[in-house]
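Give me a 3D structure for the following:
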Amino acid sequence: MRASDVRAKIIAAIEASAVDEQASSVDVFTHVNIGTREMRSARDRLFTVALSTVPVRSGTLFPTDLYEAGYDVTLMYSDSPAVEDRIAKDVERVSQALEPLAMNNADIARISLFGGPVSEFDGLVTGTVTAQIVYRLDSTV
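Numbering: from 1, shown residues only. The predicted structure follows:
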């Protein structure tokens, strides 16, 4: 597995998770790549997955093919009176979607989730979760 495969697994797990209080059939978690869309004019429940720490050999002694990388998962919302409650509910859902990644993927050894900041800029409110993932680097490297 490569770091890009880990990122794809994170995206797939989040997009497959359910949401509370779904407004319509299109009110789902939708991944966007940074730089491809104007975030402030977008709908709610968009998210990005960005590499926050580069892959390095894991501190685990054996096996030696384990690498560790960090990914920031940022959920994005339009500002509204109940936005903090929506963020909290969605982060709970995202956490439940990400926690079993190690159990469901033989090449992912461990996942640790860390809560991050809630920020607001120009009407866009974001909440961030950091996923620190230990994975087995494939033998082609």
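
Return the residues in contact with residue 136.
Applying CB atoms under 8 Å, 6 or more residues apart in numbering, we find residue 136 in contact with 1, 63, 65-67, 106-109. Placement of C-beta: from N, CA and C, glycine included.

hey, what's it bridged with?
Beta-bridge pairing for residue 136 (DSSP bridges): residue 66.

Now do the buried residues in stretch 3-10.
Within stretch 3-10, the residues that count as buried by 16 or more other CB atoms under 10 Å are 3, 6-7, 9-10.

and if you look at stretch 107-120?
So for stretch 107-120, counting by 16+ other CB under 10 Å, buried means 107-109, 111, 113, 116, 118.

among these, which are in strands?
Mapping the buried residues of stretch 107-120 onto strands (DSSP state E) picks out 108-109, 111, 113, 116, 118.

Name the nearest of those residues relative to residue 81.
residue 118 (14.8 Å; CB to CB).

so that closest one touches residue 84, yeah?
Yes: here residue 118 reaches residue 84: they are 6.8 Å apart, a contact under CB atoms under 8 Å.

any common contacting residues for those two?
Common neighbours of residue 118 and residue 84 (criterion: CB under 8 Å, 6+ apart): residue 125.

rewinding a little: how about JSON lines for the contacts of residue 136, with pLDDT added?
Below are the contacts of residue 136 laid out as JSON lines (pLDDT from 0 to 100):
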{"residue": "1", "pLDDT": "90"}
{"residue": "63", "pLDDT": "64"}
{"residue": "65", "pLDDT": "85"}
{"residue": "66", "pLDDT": "91"}
{"residue": "67", "pLDDT": "93"}
{"residue": "106", "pLDDT": "92"}
{"residue": "107", "pLDDT": "93"}
{"residue": "108", "pLDDT": "95"}
{"residue": "109", "pLDDT": "93"}
